[in-house]
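Asker: Here is a sequence together with a model predicted from it:
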Amino acid sequence: MPLQKISEFDPDYRNTLEGNDIKGMGVYVQGTDEKIGTVNDAVVDDQGTFRYLIVDLGFWIFGKKVLLPIGKSRIDSTADRIYVVGMTKEQAEKLPEYHEHTALDYDYDYEEQVRGGYRTPSVESSASVDVTSGLTAPAYERNTYSYMQEPDLYDVSAHDDQTFKLYEERLVANKQRRKAGEVAIGKHIETETARVAVPVEKERVVIERVTPVDAGKVVSPGTADFREGEVAHMEIYEEVADVQKEAFVREEVRVQKVVDQETVEAQETVRREELDVNTDGTPIVNKTDRI
């Protein structure tokens with residue numbers, strides 16, 4: 001079947017693809033982030049239907065380019081990626097190499113070598129294997145072969161069973177403990193003048209002269225004691241105030257922490273993915289199985 005590069009078939013193919021260009025997209029193993037190469041070009045048939053992608057396997061095998069049947073690819077234009085279905089590095093090593101001078105027009109044998117490297121075991125079991133190359137030998141008739149015979153390789157809708165996830169955002173509240181401040185407690189001394197009244201006693205000598213009852217009476221001889229000097233001695237005492245300062249416990253101060261609880265409300269805009277199904281009038285069965 002006549003094949004040609006997409007730019008040869010339609011120089012304005014980017015407009016057909018709404019401005020997108022498949023060239024330069026990264027090629028990854030499906031279900032992983034393992035990059036294996038880059039799309040070098042695309043190959044279409046005489047109807048403009050995609051049949052192959054020319055992939056440079058530089059991340060796996062330096063300098064090797066191969067043809068990837070379009071049915072083995074999953075295009076993610078939002079991520080600018082192409083995922084390859086069920087390809088291993090060992091399989092890529094056995095694929096026939098594509099060269100710029102490789103003729104694509106009606107080269108059935110070359111395409112069969114390419115297809116043989118991608119065919120599933122069920123198809124390969126009905127075909128013979130070339131011992132030297134390790135590739136599956138032709139299993140279809142040259143004159144009657146049609147791309148429609150192998151939807152697994154060329155029909156992008158043959159693998160439409162897909163599972164993907166819808167995501168939503170939720171507010172997740174956590175608490176972080178941070179320092180809000182500190183309280184330092186100390187003491188200082190204030191002075192004031194205190195007064196206290198203390199009653200004290202003082203002794204004093206009172207000399208009282210009185211006229212005796214027997215005044216004028218003659219005393220007996222020898223009774224009168226005439227002498228000089230001290231005739232009486234008396235000690236005098238007095239109280240003095242003895243004021244001292246003593247420390248007493250005035251009051252007791254207890255310092256402790258208490259926890260007050262309050263509710264803090266936060267408001268954010270959250271997103272949720274919803275499913276948009278464009279049936280274009282086609283009846284579908286909508287099953288819901290939520291956990």
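Answerer: Nice, I can see it. Fair warning: this is a prediction, and the values are worked out from it, not measured in the lab. Residues are numbered from 1 along each chain as shown.
Asker: ok, the residue lying closest to V243 once chain neighbours are set aside - how many residues close by?
Answerer: Nearest residue to V243 in three dimensions, chain neighbours excluded: V196, at 6.3 Å (C-beta to C-beta, 6 or more residues apart in numbering). In this view, the C-beta of every residue, glycine as well, is placed from N, C-alpha and C. Neighbour count for V196, taken as other C-beta atoms under 10 Å: 6.
Asker: try L171
Answerer: 9.
Asker: Any figure for the gap between it and Q261?
Answerer: 20 Å (C-beta to C-beta, to the nearest Å).
Asker: again, but for E239
Answerer: Counting by C-beta to C-beta, the gap from E239 to Q261 is 65 Å.
Asker: Comparing the two, which residue is more hemmed in?
Answerer: E239 (11 against 4).
Asker: Surely that one touches K202?
Answerer: Yes - using C-beta atoms under 8 Å, E239 makes contact with K202 at a distance of 6.9 Å.
Asker: Name the single longest helix found in this structure.
Answerer: Assignment by DSSP state H gives helix 108-118 as the longest helix of the chain.
Asker: Can you pull the phi/psi pair for R272?
Answerer: phi -140, psi 130 (degrees, to the nearest 10).
Asker: show me where the stretch 1-150 of the chain has strands.
Answerer: Ranges of strands in the stretch 1-150 of the chain, per DSSP state E, counting those that start in this stretch, are 3-5, 26-29, 35-45, 50-56, 65-69, 73-76, 81-84.
Asker: How about residues contacting the second one?
Answerer: With C-beta atoms under 8 Å, 6 or more residues apart in numbering as the test, strand 26-29 has contacts from 34-39, 53, 55, 68, 80-84, 87.
Asker: and which of those is nearest to Q256?
Answerer: Using C-beta to C-beta, E34 is the member of the contacts of strand 26-29 that sits closest to Q256, with 60.4 Å.
Asker: what's the nearest residue to the closest one if we skip its chain neighbours?
Answerer: Y28 (6.2 Å).
Asker: ranges for the helices of the stretch 51-200 of the chain?
Answerer: 89-94, 108-118, 121-124, 151-154 (DSSP state H, counting those that start in this stretch).
Asker: pLDDT weak spots in the protein?
Answerer: Across the chain, the ranges flagged by pLDDT under 70 are 1, 16-19, 106, 121-139, 158-165, 279-291.
Asker: Touching, Y13 and N20? I think so.
Answerer: No - contact between Y13 and N20 fails when scored by C-beta under 8 Å: they sit 9.7 Å apart.
Asker: the more surrounded of these two?
Answerer: Remark: of Y13 and N20, Y13 carries more neighbours, 19 against 13, as counted by other C-beta under 10 Å.
Asker: quick one: contacts for the nearest residue to that one once chain neighbours are set aside?
Answerer: Of all residues beyond its chain neighbours, the one nearest Y13 is I6 (5.0 Å), with distances taken as C-beta to C-beta, 6+ apart. The contact partners of I6, by C-beta under 8 Å, 6+ apart, come to 13, 22, 41-44, 50.
Asker: redo that, cut-off 10 Å
Answerer: Going by C-beta atoms under 10 Å, 6 or more residues apart in numbering, I6 touches 13-14, 16-17, 21-23, 41-44, 48, 50, 53-54.
Asker: Quick check: the gap between it and G58.
Answerer: Where G58 is concerned, I6 sits at a distance of 21 Å (C-beta to C-beta).
Asker: What of Y140?
Answerer: Y140 is 32 Å from G58, by C-beta to C-beta.
Asker: got it, and R250?
Answerer: 88 Å.
Asker: In terms of packing, which of those two has more residues around it?
Answerer: More crowded of R250 and G58, by other C-beta under 10 Å: G58, with 16 against 5.
Asker: Surely that one is in contact with K65?
Answerer: Yes - contact criterion C-beta atoms under 10 Å: G58 and K65 qualify, at 8.9 Å.
Asker: Which neighbours do the two have in common?
Answerer: Joint contacts of G58 and K65 (C-beta under 10 Å, 6+ apart) are 37-38, 40.
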